[in-house]
Structures are given as C-alpha cells and as structure tokens.
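Q: Need coordinates for the below:
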Amino acid sequence: MNKMVSAVVWALFSAVIYLLLVEALSPWLDLPGLGNIGFTLVFVLFAVLHCAQSNGWKRTGLFFLTASTISYLLEEIGVRTGLICSDPNSATSRS
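A: Numbers count the residues shown, from 1 in each chain. A predicted model of the protein is given here:
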C-alpha cells in the first residue's frame with residue numbers, strides 16, 4: 001500500500017483512540033465526539049483499511065463477508081429461537 005493509505009490508517013487510529021477517550025472521560029469532561037454511529041463508522045473504516053493494508057483487498061473482502069454472514073446468521077437464530085441468548089429477561093423471552 002502507498003504512503004497515503006498508511007497516513008489515513010494512522011489518522012483513523014488516532015480518531016478511534018480520541019473517541020474512546022471521549023467516552024471514558026465523559027463523566028468528568030465534556031469533549032466533542034461523534035456519538036455511537038460516528039464511532040462505529042470511524043472504527044469500521046479503520047478496521048477495513050488496516051486489514052487491507054496488512055492482508056490485501058481480496059482477503060479483507062473475504063474476511064468481512066464471512067464475519068458479517070456469521071454475525072447475521074447467529075442474530076437470526078437467536079431472535080427466532082432464543083438459543084443463542086437464553087436470558088429470561090431478554091427481548092426474545094417467550095414467557
């Protein structure tokens with residue numbers, strides 16, 4: 001990968017660290033942050049670019065496709081059957 005992608009990865013890593021500190025220090029300091037959705041977007045963009053820089057775009061795509069498919073399937077199984085999380089207080093409780 002070129003130096004530009006490396007610089008973007010480092011900038012995104014710094015942003016992730018800053019956003020984690022914003023959340024950790026929120027009881028004492030009111031620092032500007034991006035909220036939950038903004039943090040998720042920054043973190044995913046960092047993860048994808050870092051993985052692509054380390055392993056290449058083909059393996060990155062395969063990894064994220066596999067991870068999202070497994071995550072979706074486990075979510076569906078858990079919601080429909082309650083087998084994944086059998087907490088009686090969860091939203092899938094049938095009592």
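Q: For stretch 60-80, which residues meet the burial criterion?
A: Using 16 or more other Cβ atoms under 10 Å as the test for burial, stretch 60-80 gives Thr60, Gly78. To be clear about C-beta, it is placed using only N, CA and C from the backbone, and glycine gets the same treatment.
Q: residue boundaries of the helices in the chain?
A: 3-24, 35-55, 57-81 (DSSP state H).
Q: what's next to the first one, contact-wise?
A: Spelled out, it's helix 3-24. Applying Cβ atoms under 8 Å, 6 or more residues apart in numbering, the external contacts of helix 3-24 come out as 31-34, 38-39, 42-43, 45-46, 49-50, 52-53.
Q: nearest to Phe64, of those?
A: Using Cβ to Cβ, Ala52 comes nearest to Phe64 of these, at 9.9 Å.
Q: Tell me how many other residues surround the closest one.
A: Other residues near Ala52 come to 19 when the count uses other Cβ atoms under 10 Å.
Q: From Met4, how far out is it?
A: Remark: distance between Ala52 and Met4 (Cβ to Cβ, to the nearest Å) = 13 Å.
Q: got it, and Phe39?
A: In this structure, Phe39 and Met4 are 24 Å apart, going by Cβ to Cβ.
Q: These two: which is more packed in?
A: Phe39 (17 against 8).
Q: Number of residues surrounding the residue nearest to that one when sequence neighbours are not counted?
A: Closest residue to Phe39 apart from its sequence neighbours, by Cβ to Cβ, 6 or more residues apart in numbering: Leu19 at 4.8 Å. Residues near Leu19, counting by other Cβ under 10 Å, number 20.
Q: One more: Val9?
A: With other Cβ under 10 Å as criterion, Val9 counts 21.
Q: now it: how far from Leu19?
A: Distance from Val9 to Leu19, by Cβ to Cβ: 16 Å.
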